[in-house]
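>>> Turn this into a structure:
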Amino acid sequence: LGSTIKALARQDHIDASAAWHNDSDSFGKILAGADLSRGSDEHVALAAYTLPSQISSNGTIWDIDASNLSLGRGDLSVEGLRIHSGEESLAVDGRLCRSDSDSLMLTLRNLDMALAGALTGLNLGGALSGEARVQSPYSDNLAINASLKADSTTISGLDAGNMLINAGWDKLGQLLTFTLDSELEGLRNLGCYGSLNTAEDLLDARVEMDRLQLGYLSDLIPGISGIGGTVSGDLRLSGPPGEPDITADGTRLDDATLHVDYTGVTYHLDGPLSIDNQRISLDNVSLSDGERGSGRVSGGLAHNKLKNMKAAMQLDFSDMLVFDIDDVSEDVYGHVAADGTIHLSGPLDDLAISCNARNAGGSDIHVLLKSGTVSSTNLLTFKQPQVWEDPYERMLRGLRTNRTKTNNIDIKVHLEPDQEMEINLDLDRSNGN
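From the prediction side, this is the model:
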């Protein structure tokens, strides 16, 4: 285990090698050489080459083909530089000089998009192929154009279909243009088109969504799972790219679902959205628990041009599941249906949930009392000291200590029971008590 770098120089020639072996999945050896020369204009020129080499990262072995590279004043040439592993490859060929007719080409073939996911923090999959071309870097006619295709794309483990991405940079006009089209099972579910004027720092873009899956957001929201359903509509962004003005047209949620891990309940939302620079409003969205409960949403998410998002939302519901945990290994499990109101407030990464409700019938809660010592008889197992504790407080304390610290979600519930609500205090579940 370790690394070694060697270099041998004689006159105007250098031979070099680098080798490392950190573990079974990370090793490699690169061989290269170069010749230095000075032209009649007294500027140094470099003529380099690589010999067949190999590197391994995370269990994937990449081969590097022999290639040539030359660098002089206003002149860069690359020939045959190719890195590949199985069907994946990255190649660079071409020349950049003062002539507008030459160009440098970067070619991608079936690159695993998991690498892009690691760089962006997203859970991405699929194969990325395409080309990017650079022309005239030494003049005002500099142009960069890229055309990429992502096949069998996945986002957060969900199929996202195929994507076509095109982008271009025009130095003379100081303009970056871009397009993205996504198609899933014959449906063009996402389009993004626009430009960025770098001279004036102005963005002009539109986003078109047609039944775009909300599940792509699953890995971005802590404490929430089972995100599903779709969103449709058009968005327009204009102005400075860091703080664009936002308008929306025809945006709506269709059977959107989210599962709140801390309460075990999956909620369903349907209805129109209103989006502007300060607010994402859900004022006319209907709410259900997928079984018998129903309700309405008011309020939404406050933000400053998509920054510093904070919840400011109220859910009014009737006969709605508010607690639904089946796992008997939990300190608290059972089912609670209620009538009442839930308030959500604060930043999304430090969310406060407050519930005021009354039992709607058919509720059943099991609370494990595990403090004190244990003594046994043939019939019963007793725990001492016998200290009574409000089962609701026990339930909420368990949620707070066992469920909310990691993701900074604070849950407070005030639930009014009635004679139809069954509360079980489990003294010793291992013996059936």
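
>>> Need the residue closest to the centroid of this protein.
The centre of the chain sits closest to residue 122, judged by CA atoms, centre = their mean, with a distance of 3.4 Å.

>>> So that residue: helix, strand or coil?
coil (DSSP: H, G, I helix; E, B strand; the rest coil).

>>> Phi and psi next, for it.
Dihedral pair for residue 122: phi -100, psi 150, per degrees, to the nearest 10.

>>> can you tell me which residues contact it?
Going by CB atoms under 8 Å, 6 or more residues apart in numbering, residue 122 touches 116, 155-156, 219. C-betas here are computed from N, CA, C, even on glycine.

>>> how does it look with 6 Å?
If you count contacts by CB atoms under 6 Å, 6 or more residues apart in numbering, residue 122 has none.

>>> Quick check: it vs residue 114, distance?
Residue 122 sits 10 Å away from residue 114, going by CB to CB, to the nearest Å.

>>> Equivalent analysis for residue 337, please.
42 Å.

>>> can you check residue 271 too?
If you measure residue 271 against residue 114 using CB to CB, the figure is 36 Å.

>>> Residue 27 too?
From residue 27 over to residue 114 the distance is 21 Å, taken as CB to CB.

>>> same check, this time on residue 349
Applying CB to CB, the value for residue 349 to residue 114 is 25 Å.

>>> Of these two, which one has the most company?
Higher neighbour count among residue 349 and residue 114: residue 114, with 15 against 12, using other CB atoms under 10 Å.

>>> Would you mind giving both backbone torsions of residue 128?
Main-chain dihedrals, residue 128, degrees, to the nearest 10: phi -110, psi 130.

>>> So it sits against residue 111, correct?
Yes. Assessed by CB atoms under 6 Å, residue 128 is found in contact with residue 111 at 4.6 Å.

>>> what are the bridge partners for the closest residue to residue 216 other than its chain neighbours, then?
Nearest non-adjacent residue to residue 216, counting by CB to CB, 6 or more residues apart in numbering: residue 155, 4.2 Å away. Residue 155 has these beta-bridge partners by DSSP bridges: residue 124, residue 158.

>>> now residue 17
residue 6, residue 31.

>>> can you check the one 4 residues further on too?
Counting by DSSP bridges, residue 21 forms beta bridges with residue 2, residue 27.

>>> Now tell me what touches the helix or strand hosting residue 71 from outside.
Under the criterion of DSSP states H and E, residue 71 resides in strand 67-72. With CB under 6 Å, 6+ apart as the test, strand 67-72 has contacts from 45-50, 77-81.

>>> so where's the stretch 201-350 of the chain shaky on pLDDT?
Within the stretch 201-350 of the chain, the stretches with pLDDT under 70 are 222-223.

>>> quick one, strands of it?
Taking DSSP state E, counting those that start in this stretch to define them, one finds strands in the stretch 201-350 of the chain at 202-213, 224-239, 245-260, 265-272, 274-275, 279-281, 286-288, 294-304, 307-325, 332-347.

>>> want to throw the ones you listed into JSON lines with mean neighbour count and distance to residue 18?
Shown next, in JSON lines, are the strands of the stretch 201-350 of the chain (neighbours: other CB atoms under 10 Å; distance: least, CB to CB, whole Å):
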{"stretch": "strand 202-213", "mean neighbour count": "17", "distance to residue 18": "43"}
{"stretch": "strand 224-239", "mean neighbour count": "17", "distance to residue 18": "45"}
{"stretch": "strand 245-260", "mean neighbour count": "16", "distance to residue 18": "49"}
{"stretch": "strand 265-272", "mean neighbour count": "19", "distance to residue 18": "53"}
{"stretch": "strand 274-275", "mean neighbour count": "17", "distance to residue 18": "52"}
{"stretch": "strand 279-281", "mean neighbour count": "18", "distance to residue 18": "51"}
{"stretch": "strand 286-288", "mean neighbour count": "18", "distance to residue 18": "60"}
{"stretch": "strand 294-304", "mean neighbour count": "17", "distance to residue 18": "48"}
{"stretch": "strand 307-325", "mean neighbour count": "18", "distance to residue 18": "43"}
{"stretch": "strand 332-347", "mean neighbour count": "20", "distance to residue 18": "46"}
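
>>> Now render those as JSON lines, adding distance to residue 68.
Below are those laid out as JSON lines (distance: least, CB to CB, whole Å):
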{"stretch": "strand 202-213", "distance to residue 68": "41"}
{"stretch": "strand 224-239", "distance to residue 68": "45"}
{"stretch": "strand 245-260", "distance to residue 68": "50"}
{"stretch": "strand 265-272", "distance to residue 68": "59"}
{"stretch": "strand 274-275", "distance to residue 68": "53"}
{"stretch": "strand 279-281", "distance to residue 68": "55"}
{"stretch": "strand 286-288", "distance to residue 68": "65"}
{"stretch": "strand 294-304", "distance to residue 68": "52"}
{"stretch": "strand 307-325", "distance to residue 68": "48"}
{"stretch": "strand 332-347", "distance to residue 68": "54"}
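
>>> Just the CA trace of stretch 269-281, in CSV.
The C-alpha trace of stretch 269-281 is given here as CSV (Å, rounded to 0.1, in the frame of the first residue of the first chain):
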residue,chain,number,x,y,z
LEU,A,269,-53.3,16.1,-2.1
ASP,A,270,-55.1,17.4,-5.3
GLY,A,271,-55.7,20.8,-6.6
PRO,A,272,-54.2,24.0,-8.1
LEU,A,273,-51.0,25.8,-7.1
SER,A,274,-50.3,29.5,-7.1
ILE,A,275,-46.6,30.5,-7.3
ASP,A,276,-45.0,34.0,-7.1
ASN,A,277,-41.9,35.6,-5.7
GLN,A,278,-43.0,35.3,-2.1
ARG,A,279,-45.3,32.3,-1.8
ILE,A,280,-46.3,28.9,-3.1
SER,A,281,-50.0,28.8,-2.2
